[in-house]
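When you get a sec, could you give me coordinates for this:
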Amino acid sequence: MIAKEAAEVQRIEAERAAERARLAAEERERKWLMLMDEAKEKLVEKHRAEQLGEQARAFAESQRLRSYIEAMETAYGDHEETATWLAWAQSYVDQRDPLGKPPVLPRSPDATPEALQPHLPAGWNAEGPHEGPRRFPAPHQRT
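Next up is the predicted model:
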């Protein structure tokens, strides 16, 4: 009888342990989903900031080139052989000026596990709520 009671106690403890593990796994998955949403927001924000910086650099470069083209035209605009160069230079700058057309919100980057991983806290894996190593190398380990 004692063995039967001991077996029942073990069964109940095993059920309780399984329930605690299930609840912990559910909580980890809820936390992971929240962290993944935050990581996606951070990824998009970083991408947009990079795009804005690139547009500002392109704008500054186009302004610098336009200034040079104006000076070139002032100094040599009446030279026939300079006209072709001026026309090409103006066309080149017009094509690269980010304000040549209305700016739009950049397309969001793909939210791949590799892209999201740097935006997650240490110990979390973009491939899933499970614990364990990533399948891809960390940024500092890439060759």
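
okay, CA-based contacts and neighbour counts for the rest of this
Will do.

Can you list the residue ranges for helices in this protein?
Applying DSSP state H to the chain gives helices spanning 2-76, 80-96, 113-116.

and those, which is most packed in?
Of all those, helix 113-116 carries the top mean neighbour count, a mean of 18, counting by mean count of other C-alpha atoms under 10 Å.

ok now that one, how far from the chain's centre?
Offset of helix 113-116 from its chain centre (C-alpha atoms, centre = their mean, to the nearest Å): 8 Å.

just stretch 57-77 next, same as before
34 Å.

what's the pLDDT at the closest residue to residue 42 other than its chain neighbours?
Counting by C-alpha to C-alpha, 6 or more residues apart in numbering, the nearest residue to residue 42 once its immediate chain neighbours are dropped is residue 119, at 6.6 Å. On pLDDT, residue 119 comes in at 97.

Contacts only, for residue 119.
Contacts of residue 119 were listed using C-alpha atoms under 8 Å, 6 or more residues apart in numbering, and they are 39, 40, 42, 43.

could you dump these to a markdown table with pLDDT and distance to residue 111?
As requested, these are exported to a markdown table (pLDDT from 0 to 100; distance: C-alpha to C-alpha, whole Å):
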| residue | pLDDT | distance to residue 111 |
| --- | --- | --- |
| 39 | 98 | 9 |
| 40 | 98 | 6 |
| 42 | 98 | 11 |
| 43 | 98 | 8 |
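
show me the contacts for the residue nearest to the spatial centre of the chain.
In the chain, the C-alpha nearest the mean C-alpha coordinate belongs to residue 43, at 3.2 Å (C-alpha atoms, centre = their mean). Each residue near residue 43 by C-alpha under 8 Å, 6+ apart is listed here: 109, 111, 115, 116, 119.

likewise residue 79?
Contacts of residue 79 (C-alpha under 8 Å, 6+ apart): none.

Tell me the confidence at it?
Per the predicted model, pLDDT is 92 at residue 79.

Phi, psi for it please.
Dihedral pair for residue 79: phi -90, psi 130, per degrees, to the nearest 10.

Could you list the low-pLDDT ranges of this protein?
131-143 (pLDDT under 70).

hmm, 50 instead?
For the chain, the stretches with pLDDT under 50 are 142-143.
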